[in-house]
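> heads up, no residue letters with this:
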């Protein structure tokens, strides 16, 4: 688990911008091969909030089942971003030489 905060003063030809990016990363392992991870970030310049949550159920060599949810939203009423992606992925390794 970690909390991050970044502050940047950016000087542009059109003016100065102060950017704040904050993030919260959470991680929990149910077993050594089953976990839940999430990352939440906020950017004040573009007013974007993003969420990434991932469940993993591993077999050998980082193969197995992954379920991922990504959400990106902003606060702009005129050009609203509202992306939500749900992905299920299963990977398996096999030896062709056997």
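In hand now; what should we look at? Nothing here was measured: the structure is a model prediction, and the numbers come from that model.
> Please count neighbours and contacts with C-alpha atoms only from this point.
Noted.
> Touching, residue 87 and residue 71? I think so.
No. Here residue 87 lies out of contact with residue 71, judged by CA atoms under 8 Å, at a distance of 11.6 Å.
> Which one of these two is surrounded by more residues?
Per other CA atoms under 10 Å, whichever of residue 87 and residue 71 has more neighbours is residue 71, with 16 against 10.
> In contact with that one, which residues?
Neighbouring residues of residue 71 by CA atoms under 8 Å, 6 or more residues apart in numbering: 50-52, 82-85.
> What about the residues you listed, which are in strands?
50-52, 82-85 (DSSP state E).
> Make JSON lines out of those and add pLDDT, neighbour count and distance to residue 98.
Formatted as JSON lines, the ones in strands among the contacts of residue 71 follow (pLDDT from 0 to 100; neighbours: other CA atoms under 10 Å; distance: CA to CA, whole Å):
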{"residue": "50", "pLDDT": "95", "neighbour count": "18", "distance to residue 98": "44"}
{"residue": "51", "pLDDT": "96", "neighbour count": "18", "distance to residue 98": "42"}
{"residue": "52", "pLDDT": "98", "neighbour count": "17", "distance to residue 98": "38"}
{"residue": "82", "pLDDT": "84", "neighbour count": "13", "distance to residue 98": "48"}
{"residue": "83", "pLDDT": "91", "neighbour count": "11", "distance to residue 98": "44"}
{"residue": "84", "pLDDT": "93", "neighbour count": "13", "distance to residue 98": "42"}
{"residue": "85", "pLDDT": "96", "neighbour count": "10", "distance to residue 98": "38"}
